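Chemist: I'll drop the sequence and a predicted model, then ask my questions.
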Amino acid sequence: MHNDSKRGPGGMKKLAGPESATTTRGGVKRRDFLNGMLIGASGIFLGSSAIGCSDDPAVAKLPLGNDKVHEYEICHQIRDGKMWDIPAASGDLYDCIIIGSGISGLVSAWKLTKRGVTNLLILEKDAIGGMSQQDGDPAHPFAQAAAYTVYPYNDNLIEIYTDLGVVTGVDMDGYPIVDEKYIIGEPANNVMMGGKIIDDGWQAGLDSLPLPANVITDLKACVDDMKAWYDYVGMDGLYAFDTPSDASTADADVRALDNLTFLDYVKSKGWDPAVSEFFDRYIRSALGATHDTVSAWAVLNFMGSEFQPAMSQPGGNAYLAKGLAAKVGESKIKTGAVVVRAKTEGMEVHVTYLENGAATTIRAKTAICAAPLYIARHLLPDLAAAGRMEGKDFMYTPYIVAQVHVNKTPAGLAYDNWAHGDYIFTDVIVADWAGQSDPKSASLDRPNVLSIYTPLFGPTARTDLQTKPFEEYEKLILDDLERLIPGIGKTVTQFDIYRWGHAMLSATKGFIFSKSRVDSQKPIGLISFACHDVDGLPAFENAVGAAFRAQEEVAMVLGLP
């Protein structure tokens, strides 16, 4: 959910829904969001009619009393096979229509624009940025979901960051120079364990962990191993891990890591299984799986990046989304447009969308579907006609992000703080960390927002996310936060929760290089695919990798140099 990165130099959101939905009790303001849309607070029960394409038929559809829920009703009508009267295509012929304005859609449009394609249009049902949106006021912006990346490590990422002013040049060794205001100050990762906060608990603080000596020894060996994998170059001259994922080395011993769980890998090295369990909190939060189900390739890929410098911006990845949208031009982005069908018709692509209840069909020479596969397979009839059902194999983890507003910043925290033990959430991010020149020594008297990440697992996870009332999650999260940081409850001024029904692509064992995932990248007719999930991992960099591949396919159709 945090959108982690891979290789460093060592190798617009407008709140939707009525403000009256906000409640205040005991001086604490409360807000309940559904996929970024403000729906209310206090006693609200959610249903699948409002979560956006849930495939769980056991969840009852319950009304929300919000007239903006129609967008999510349409998602479920699409899922259930509703047929709309499709008007004939009309209007000028676009060069490219892009479905979705998340990072993949924006990067695709940005790159095509740089290559001279000006006649393009992005269709977005909600707000620009997808899950890369921000909330808060100008003094205290925070990421609704995606919060950080790490140093850019390939030409595609360097090009983006340079264009956005994050990278300012290259050093004498050829590595990109990142503007210091975007570099997360140390410590980046603390561990909350055994009733105390351990500074830099993944590296310098390992000896302070309340764990047996043999486990700490094995943890140190595992960390060294992860760092070694980060710099590993295969026989084909490619890194073990790169983006797009298929640009990584094809060495058999590296690809075989995808057929192991991380727990399997730890055992194969002779380390204590507690090593795998130690990183389970990170794995749940970053990879949408558990340590005994996740792909070892995915863990070693992501964890290697965690020992490199990290980057963030005020408002998290929304900062990058806004910058990309500005480069594309907002006149080329139509929001409130819910795509219900996209189909190749002869030498054109016809895309039908609903706007204010009215259907319109537009046409283009090409199209890019930058929506997740669980949506795409319902929008593109050509997929089923071709027998392409790969999207059914993709699994997504529901996720809650709670934003806890406090009038005083807790002492001892790092940028990201991992909660080890029986807690509902996995980690706590200090939202203003990126805006502090020296965050560790900044005044604790400053107000702040703590972002609490809560991936949900188990057979009832999505049902729970959709049906449990606001107060239940509020109590669970604040009670656990109080256990970790005694006295924090007295400083809380506002509590928000964001319910994300399909937040995290699950990087389970065998998925990354599965035929299903690889096949999902293949164009269908004149439509290409550019969402992070077709690249196999839930990260900003994978979204970028998928977008660069898709725009290249479009460029070939358009005959661009």
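Modeler: All right, it came through fine.
Chemist: longest strand in this structure, by residue count?
Modeler: strand 492-505 (DSSP state E).
Chemist: any low-confidence regions in the stretch 251-400 of the chain?
Modeler: Within the stretch 251-400 of the chain, no range satisfies pLDDT under 70.
Chemist: rerun that using 80 as the cut-off
Modeler: 390-391 (pLDDT under 80).
Chemist: without its sequence neighbours, what residue ends up closest to residue 257?
Modeler: Closest residue to residue 257 apart from its sequence neighbours, by CB to CB, 6 or more residues apart in numbering: residue 297 at 3.9 Å. Quick note: C-beta positions are derived from backbone N, CA and C, even for glycine.
Chemist: helix, strand or coil for that neighbour?
Modeler: When classified by DSSP: H, G, I helix; E, B strand; the rest coil, residue 297 comes out as helix.
Chemist: residue contacts, it?
Modeler: 241, 254, 255, 257, 258, 260, 512, 513 (CB atoms under 8 Å, 6 or more residues apart in numbering).
Chemist: go through the longest strand of the chain and flag the buried ones.
Modeler: 492, 494-505 (16 or more other CB atoms under 10 Å).
Chemist: any chance of those in JSON lines with distance to residue 372 as columns?
Modeler: Output for the buried residues of strand 492-505, formatted as JSON lines (distance: CB to CB, whole Å):
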{"residue": "492", "distance to residue 372": "33"}
{"residue": "494", "distance to residue 372": "30"}
{"residue": "495", "distance to residue 372": "28"}
{"residue": "496", "distance to residue 372": "24"}
{"residue": "497", "distance to residue 372": "22"}
{"residue": "498", "distance to residue 372": "17"}
{"residue": "499", "distance to residue 372": "16"}
{"residue": "500", "distance to residue 372": "12"}
{"residue": "501", "distance to residue 372": "11"}
{"residue": "502", "distance to residue 372": "7"}
{"residue": "503", "distance to residue 372": "10"}
{"residue": "504", "distance to residue 372": "11"}
{"residue": "505", "distance to residue 372": "8"}
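Chemist: for residue 365, state which of those residues is nearest.
Modeler: Relative to residue 365, the closest of those is residue 505; by CB to CB it sits at 29.8 Å.
Chemist: that closest one bridge partners, please.
Modeler: As for beta bridges, residue 505 partners with residue 396 under DSSP bridges.
Chemist: so where's the stretch 1-150 of the chain uncertain?
Modeler: 1-26, 35-37, 39-84.
Chemist: gap between the helix or strand following the longest strand of the chain and the chain center?
Modeler: Next in sequence after strand 492-505, counting helices and strands by DSSP states H and E, comes helix 515-519. Distance of helix 515-519 from its chain centroid, counting by CA atoms, centre = their mean, to the nearest Å, is 21 Å.
Chemist: what's the answer for stretch 396-405, then?
Modeler: Worked out by CA atoms, centre = their mean, stretch 396-405 lies 12 Å from the chain centre.
Chemist: buried stuff in that stretch?
Modeler: 396, 397, 398, 399, 400, 401, 402, 403, 404, 405.
Chemist: tell me the spacing between the closest residue to the last one other than its chain neighbours and residue 557.
Modeler: Across the structure, with CB to CB, 6+ apart as the measure, the residue nearest residue 405 apart from its sequence neighbours is residue 494 (3.6 Å). Relative to residue 557, residue 494 is positioned 49 Å away (CB to CB, to the nearest Å).
Chemist: one more: residue 271?
Modeler: In terms of CB to CB, residue 271 sits 50 Å off from residue 557.
Chemist: then residue 338?
Modeler: Distance, residue 338 to residue 557, by CB to CB: 26 Å.
Chemist: could you do residue 207 as well?
Modeler: Counting by CB to CB, the gap from residue 207 to residue 557 is 57 Å.
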